[in-house]
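Asks: Structure for the following, please:
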Amino acid sequence: MSHAYVYRTVTAADMPAAHALSVHLKWPHREEDWAMVQRTSEGFVAEQDGQLVGVAFACHQGVYSSIGLVIVSDHHQGKGIGRRLMNLCLEAAAPRTPILNATESGAPLYASMGFVDFARIQQHQGVPQTPAPLIKHSRCRVLSLAEYPKLIELANAGSGLDRTGVLNDLLPTAEHVVGIDVDGQLRGCALLRRFGRGHIIGPVVAQNLEQAQQLITHLLHLIPGAFVRFDIPTACGLAEWLESLGLPCVDKAPRMVLGLPPQSSGGITQFALVTQAIG
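Replies: Residues are numbered from 1 along each chain as shown. All right, here's what the predicted structure looks like:
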């Protein structure tokens with residue numbers, strides 16, 4: 001006899017079970033990657049007889065809230081769990097505008113709840129066949145702790161989201177944090193950090209494509225032969241260049257919003273996300 005589902009707020013103690021759900025789906029996330037989202041987001045789980053069978057998070061980022069890592073166990077599909085978890089996330093997000101980067105399988109549920117596509121993202125990953133040639137006169141440099149507030153300001157401008165909480169969590173454990181100056185002012189930045197099967201480079205924000213390529217080139221030279229992932233907005237212009245480095249597109253997904261989508265500002269563009277789950 002099946003027992004009723006119980007819904008409650010997620011805790012750090014739920015992360016091993018949540019990680020196990022993602023492993024079953026062959027998602028690359030490490031338990032540490034789940035823990036980062038749990039620390040920076042409001043999350044909910046569904047359980048039956050004490051066993052975790054579903055999970056979802058809302059990462060509040062200013063006037064927006066990014067909903068992600070929505071999973072329901074295969075054995076409990078079709079019972080309304082995903083919709084209930086989404087509704088809990090929407091309640092937690094209010095009055096913020098909810099956004100999400102959907103999986104193709106999840107998109108119909110989100111569309112039925114009123115979400116509409118506003119852009120697309122794509123995932124590129126692999127081991128670069130050869131490091132990108134360094135662009136002449138690279139202005140990339142390591143950023144100091146004192147410059148992190150300016151980095152966050154740029155990340156906010158590029159994404160249209162308030163990245164303060166997320167980046168304050170990520171920056172202390174990032175392997176490399178680099179930036180580019182223009183006329184003595186920091187105008188681009190990027191993080192290299194551990195994630196999934198190897199590394200992820202993101203966020204990357206800059207004034208233009210050449211700056212983004214310089215930042216990424218600089219970071220790739222620091223991890224020769226390593227597996228690296230990028231989650232990029234399809235429209236940012238990086239895809240063809242990443243593919244030329246031996247980093248093929250392995251997944252595409254719609255970006256969806258329930259309201260007006262975030263906008264970049266100040267002449268800064270986001271070229272790579274923090275992660276697909278957080279935007």
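
Asks: Show me the shaky parts of the stretch 51-200 of the chain.
Replies: 131-138 (pLDDT under 70).

Asks: the helices in it, which residues?
Replies: Ranges of helices within the stretch 51-200 of the chain are 81-93, 107-112, 148-159, 164-170, based on DSSP state H, counting those that start in this stretch.

Asks: can you list those in JSON lines and add distance to residue 258 and mean neighbour count?
Replies: In this view, the C-beta of every residue, glycine as well, is placed from N, C-alpha and C. Formatted as JSON lines, the helices of the stretch 51-200 of the chain follow (distance: least, Cβ to Cβ, whole Å; neighbours: other Cβ atoms under 10 Å):
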{"stretch": "helix 81-93", "distance to residue 258": "8", "mean neighbour count": "19"}
{"stretch": "helix 107-112", "distance to residue 258": "8", "mean neighbour count": "15"}
{"stretch": "helix 148-159", "distance to residue 258": "18", "mean neighbour count": "20"}
{"stretch": "helix 164-170", "distance to residue 258": "20", "mean neighbour count": "18"}
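
Asks: Just put the ones you listed in TSV and tack on distance to residue 209.
Replies: Compiled in TSV, those are given as follows (distance: least, Cβ to Cβ, whole Å):
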stretch	distance to residue 209
helix 81-93	32
helix 107-112	28
helix 148-159	13
helix 164-170	23
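
Asks: Which one, of those helices, ends up nearest to residue 256?
Replies: Across the helices of the stretch 51-200 of the chain, the minimum distance to residue 256, taken as Cβ to Cβ, is reached by helix 107-112, at 5.3 Å.

Asks: Run the chain-centre distance for that closest one.
Replies: Distance of helix 107-112 from the chain centroid (Cα atoms, centre = their mean, to the nearest Å) equals 20 Å.

Asks: re the thing from before, who wins for proximity to residue 32 among the helices of the stretch 51-200 of the chain?
Replies: That would be helix 164-170 among the helices of the stretch 51-200 of the chain, by Cβ to Cβ, at 11.4 Å.

Asks: residues contacting residue 223?
Replies: By Cβ atoms under 8 Å, 6 or more residues apart in numbering, the residues touching residue 223 are 192, 199.

Asks: how about it, secondary structure?
Replies: For residue 223, the secondary-structure state derived from DSSP: H, G, I helix; E, B strand; the rest coil is coil.

Asks: Which residue ranges make up each domain of the chain?
Replies: 6-95, 123-272 (automatic domain parsing).

Asks: Test my guess that residue 22 contacts residue 71.
Replies: Yes - with contact defined as Cβ atoms under 8 Å, residue 22 and residue 71 form a contacting pair (6.3 Å).

Asks: and of the domains of the chain, who's closest to residue 112?
Replies: Of all those, domain 6-95 comes closest under Cβ to Cβ, at 8.2 Å.
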